[in-house]
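Enquirer: any chance you can model this:
(2 chains)
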There are 2 protein chains.
Amino acid sequence: MRIFIPALALGLSIVSLSAGAEASKPATPNDIVAAAPAKDWVRIAPSDLMVMDLAPDASGKARRVVIQLMPAPFSQGWVGNIRKLVAAHWFDGIAVVRAQDNYVVQWGDPDGETPGKAKALPAGLRTVGEAEYVAPAGALKARNNRGNDAYAARTGFEAGWPIAGNKQAAWPVHCYGMVGVGRNLSPDTGTGAELYTVIGQAPRQLDRNIALVGRVIAGMENLSTLPRGTGDLGFYKTPQERTPIVAVRLGSEVAGLPAYEYLSTESGSFAAYVDKRANRKDAFYIQPAGGVDVCNVPVPIREVSR
Amino acid sequence: MRIFIPALALGLSIVSLSAGAEASKPATPNDIVAAAPAKDWVRIAPSDLMVMDLAPDASGKARRVVIQLMPAPFSQGWVGNIRKLVAAHWFDGIAVVRAQDNYVVQWGDPDGETPGKAKALPAGLRTVGEAEYVAPAGALKARNNRGNDAYAARTGFEAGWPIAGNKQAAWPVHCYGMVGVGRNLSPDTGTGAELYTVIGQAPRQLDRNIALVGRVIAGMENLSTLPRGTGDLGFYKTPQERTPIVAVRLGSEVAGLPAYEYLSTESGSFAAYVDKRANRKDAFYIQPAGGVDVCNVPVPIREVSR
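Expert: Numbers count the residues shown, from 1 in each chain, chains lettered A, B, ... in the order given. Coordinates of the predicted model:
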């Protein structure tokens, strides 16, 4: 057998439906996901997907990134703006402008801060207040995570999303692949026209300081492998280094898009999956941790034929 | 001002010595590092560095990765093996064989498990026992981290390294950029001839299950941006997709290598840096977290002219 270390349990990668053979005693998190019954999977509405096509790579290979927009009650002011920007085809022709290792890849209008050159924004965008970085505490009902957290009194999963909270509020968290809204200094909160995704260790210090509006559910490698920028903060120094964005459309407008489902975070399968993520013990693992970080429990997402 | 989100505090990236102007009231973690006095920086011995030169990229650009080997009392059985492998030039001509998004990049002998084709290992490698995944509890003396941990009773930093522990033992942790030893199923512990580095959220479930032997301190982007493999576990499906490793040498054998220093984790500067990482509050941050994960406190490393 090949020397290896074991795979990340699914995460944002796509799992095959054909892997669904039921295991009598699931040994790994992947086994649990593979054995989850159909009723434990939730279809993501195509209208909640944002499909971003980057320019093809040097070899001509297409580069598509699929982002799921965040549901209520979180960040809906910014999500509403993003829907307007997509409807106006505003993102078409902008570019990936920044890639900082172990931090973020960011895209937006390269001339966004240059008077006279900035691309005009569509009418009707909302100016969202800082208070909307969080939702009421009741938005985190779940008790479905295992382990202490360095940043919040509690963590869990609601409707497929990683959430943190305390007695006063609940908020989405900056895990790998989450998508947020670039902004200027406080009290600016950003419009949604400049976005980033996390490509390293969860920068949880950004929680409650920046709006999270979604997560990458397919094509993450098309962002995470981009060359790192050599300017300050990982910005590209020259326009030639940027990756053009050809088009961004809602999933409901894209012909032939696969359907996507997430493992219901309210299901028994998910509870068993979290427990196994926290307590690895099989032919490879000898020492279960007994806990797991909320950002080390990637919510399983799968692609299914329509 | 350009719309942005703030930079990761230094981490494994290289900071300029010229940024050392003393700030009267440091506002950010970067300010604290820039203001740290010379006595708070510790030179890394070149003989503790492993310099790995990958084949140049498609445009002919050199790709060098510098790895610091882990000091006693951690993992020295494997580190000793790795020193023997480097001395024998054993790594020369092997390849990066795996890149799995949000998990690891791994290198080794592509034919390592094929009888008759595997590259012969040098004589004198030790077979290390599983007990050596951990050190005695006293190896973690520090109380210099802030925040709860999902995986261990306590976390801290010793001699520049992130460490976790409980009443029985202490062990290094799988943070971004850490380097570990690929292995087969337990009770195999690996020789050190197959190595990996973390390119995503800290896979802390591997702590105490795999030996950690070092960390990447320069050139991390040469590994983290490699195309992801499309085979099982992110292995490359064809030899053409692999990245050849031209040579691996100790830093003491490499002419013209810069010197590297880390910010002493026993210094007051480091304590202030951790505190600021846990409590971001400046013109950008409005809501300090009050805590920080051990893997979200990258130990500052800088390059200095000899």
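Enquirer: for the stretch 151-300 of chain A, what spans make up the strands?
Expert: A:154-158, A:161-165, A:169-172, A:178-181, A:195-198, A:212-218, A:243-250, A:259-263 (DSSP state E, counting those that start in this stretch).
Enquirer: list of residues touching the last one?
Expert: Under the contact criterion C-beta atoms under 8 Å, 6 or more residues apart in numbering or on different chains, strand A:259-263 has outside partners A:33, A:36, A:40-44, A:46, A:49, A:66, A:68, A:160, A:217-218, A:269-270, A:273, A:299-306. Bear in mind the C-beta positions are built from the backbone N, C-alpha and C, glycine included.
Enquirer: can you check what angle separates it from strand A:154-158?
Expert: Per axes from the mean of the first three to the mean of the last three C-alpha atoms, to 10 degrees, the angle that strand A:259-263 makes with strand A:154-158 is 140 degrees.
Enquirer: parallel or antiparallel, list what pairs with strand A:259-263.
Expert: Sheet pairing of strand A:259-263 (DSSP bridges) gives strand A:41-43 (antiparallel), strand A:301-304 (antiparallel).
Enquirer: report the contact partners of the residue positioned nearest the centre of chain A.
Expert: Central residue of chain A (C-alpha atoms, centre = their mean): residue A:215, 1.9 Å from the mean position. Taking C-beta under 8 Å, 6+ apart, we find residue A:215 in contact with A:12, A:67, A:68, A:70, A:161, A:175, A:177, A:178, A:179, A:197.
Enquirer: report pLDDT for it.
Expert: Here the pLDDT value assigned to residue A:215 is 98.
Enquirer: end to end, how far does stretch A:272-283 reach?
Expert: Start and end residues of stretch A:272-283 are separated by 19 Å (C-alpha to C-alpha, to the nearest Å).
Enquirer: that one: how far from the chain's middle?
Expert: Remark: stretch A:272-283 is offset 23 Å from the chain centroid, using C-alpha atoms, centre = their mean, to the nearest Å.
Enquirer: swap in stretch A:108-119?
Expert: Put simply, stretch A:108-119 sits 26 Å off its chain's centre (C-alpha atoms, centre = their mean).
Enquirer: kindly report the same for stretch A:201-212.
Expert: Between the centre of stretch A:201-212 and the centre of its chain there are 12 Å (C-alpha atoms, centre = their mean).
Enquirer: is it anywhere near chain B?
Expert: Yes - judged by C-beta under 8 Å from any C-beta of the partner chain, stretch A:201-212 and chain B are in contact via A:201, A:202, A:203, A:204, A:205, A:206, A:207, A:208, A:209, A:210.
Enquirer: and of the residues you listed, the nearest to residue B:88?
Expert: Sorting those by distance to residue B:88 puts residue A:201 at the head of the list, at 34.4 Å, by C-beta to C-beta.
Enquirer: neighbours of that closest one, how many?
Expert: Using other C-beta atoms under 10 Å in any protein chain shown, the number of residues around residue A:201 comes to 26.
Enquirer: do residue A:143 as well
Expert: Residue A:143, neighbours per other C-beta under 10 Å, totals 9.
Enquirer: got a ChimeraX select line for the buried ones in the contacts of strand A:259-263?
Expert: Selection of buried members from the contacts of strand A:259-263 for ChimeraX, criterion 16 or more other C-beta atoms under 10 Å in any protein chain shown:
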select /A:33,36,40,41,42,44,46,49,66,68,160,217,218,269,270,273,299,300,301,302,303
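Enquirer: low pLDDT regions in chain A?
Expert: Chain A contains residues with pLDDT under 70 at A:1-26, A:306.
Enquirer: now with 80, please.
Expert: In the predicted model, chain A carries pLDDT under 80 at residues A:1-26, A:305-306.
Enquirer: can you put the contacts of residue A:215 in a markdown table and add distance to residue A:277?
Expert: Compiled in a markdown table, those are given as follows (distance: C-beta to C-beta, whole Å):
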| residue | distance to residue A:277 |
| --- | --- |
| A:12 | 15 |
| A:67 | 24 |
| A:68 | 21 |
| A:70 | 23 |
| A:161 | 16 |
| A:175 | 13 |
| A:177 | 16 |
| A:178 | 18 |
| A:179 | 23 |
| A:197 | 22 |
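Enquirer: dihedrals phi and psi, residue A:69?
Expert: Residue A:69 adopts backbone torsions of phi -80, psi 150, taken as degrees, to the nearest 10.
Enquirer: quickly list what the residue nearest to the centre of chain A is bridged to.
Expert: Counting by DSSP bridges, residue A:215 is bridged to residue A:68, residue A:178.
Enquirer: mind checking the SS state of residue A:39?
Expert: Under DSSP: H, G, I helix; E, B strand; the rest coil, residue A:39 falls in the helix class.
Enquirer: chain A: helices as residue ranges?
Expert: A:29-35, A:76-87, A:221-224, A:268-278 (DSSP state H).
Enquirer: of those, which is nearest chain B?
Expert: helix A:221-224 (4.4 Å; C-beta to the nearest C-beta).
Enquirer: near chain B, anything from that closest one?
Expert: Yes - Helix A:221-224 is in contact with chain B by C-beta under 8 Å from any C-beta, via A:221, A:224.
Enquirer: before we move on, the earlier item: using CSV, lay out the strands of the stretch 151-300 of chain A together with distance to residue B:108.
Expert: As requested, the strands of the stretch 151-300 of chain A are exported to CSV (distance: least, C-beta to C-beta, whole Å):
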stretch, distance to residue B:108
strand A:154-158, 36
strand A:161-165, 33
strand A:169-172, 38
strand A:178-181, 32
strand A:195-198, 29
strand A:212-218, 29
strand A:243-250, 31
strand A:259-263, 33
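Enquirer: relative to residue B:190, which of these is closest?
Expert: Nearest to residue B:190, of all the strands of the stretch 151-300 of chain A, is strand A:195-198, at 30.1 Å by C-beta to C-beta.
Enquirer: what's stretch A:183-196 in contact with?
Expert: For stretch A:183-196, the external contacting residues (C-beta under 8 Å, 6+ apart) are A:78-79, A:81-82, A:85, A:90-91, A:98, A:104-109, A:112, A:121, A:125, A:127-130, A:132-133, A:179-182, A:210-211, A:213, B:1, B:3-5, B:283-286.
Enquirer: no more questions from me, cheers.
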